[in-house]
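Colleague: got a predicted structure plus its sequence, pasted below:
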Amino acid sequence: MPIPRPAQVLAATALATAAAVGLAPAASAGTVYEICATDLYVRNEPAGVIIGTLYSGDHFELSRYSPSGGWAEGYAMGHVNKRGWVQAGWFC
């Protein structure tokens, strides 16, 4: 069996990390996350009307995830300062 090269190990680690960071359904309500995306729309409901934009470094206080886990509801801080929904997976 060949020994993995460092680049292969790094790529496999990056994929595993991306999968783990993508959604965090085990996260508890009330946790404040930093936004890692360049910009992230805040919506009035999952896939709904855009009510604001969060930018990299802004914060989001998680209340809950949608049943599918693809959306997160909570309080958007920074430029928005209101409750709304964001696509999950963009938290640091």
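Modeller: Now that the structure is in, tell me what you want to look at.
Colleague: so what's the closest residue to residue 47 other than its chain neighbours up against?
Modeller: Excluding the flanking residues, the one nearest residue 47 by C-beta to C-beta, 6 or more residues apart in numbering is residue 71, at 7.5 Å. C-beta: built from backbone N, CA, C; applies to glycine. Residues near residue 71 by C-beta atoms under 8 Å, 6 or more residues apart in numbering: 46-47, 65, 85-88.
Colleague: again with residue 31
Modeller: Counting by C-beta under 8 Å, 6+ apart, residue 31 makes contact with 61-62.
Colleague: from the chain's centroid, how far away is stretch 66-84?
Modeller: Remark: stretch 66-84 is offset 10 Å from the chain centroid, using C-alpha atoms, centre = their mean, to the nearest Å.
Colleague: may I see the buried residues of that stretch?
Modeller: Judged by neighbour count using 16 or more other C-beta atoms under 10 Å, the buried positions of stretch 66-84 are 71-78, 80, 84.
Colleague: repeat for stretch 45-53
Modeller: 46, 51-53.
Colleague: what's the end-to-end length of it?
Modeller: Taking C-alpha to C-alpha, to the nearest Å as the measure, stretch 45-53 stretches 14 Å from start to finish.
Colleague: same thing with stretch 53-70?
Modeller: Using C-alpha to C-alpha, one end of stretch 53-70 lies 18 Å from the other.
Colleague: with stretch 73-86 instead?
Modeller: Stretch 73-86 end-to-end distance (C-alpha to C-alpha) = 7 Å.
Colleague: with that, I have no additional questions.
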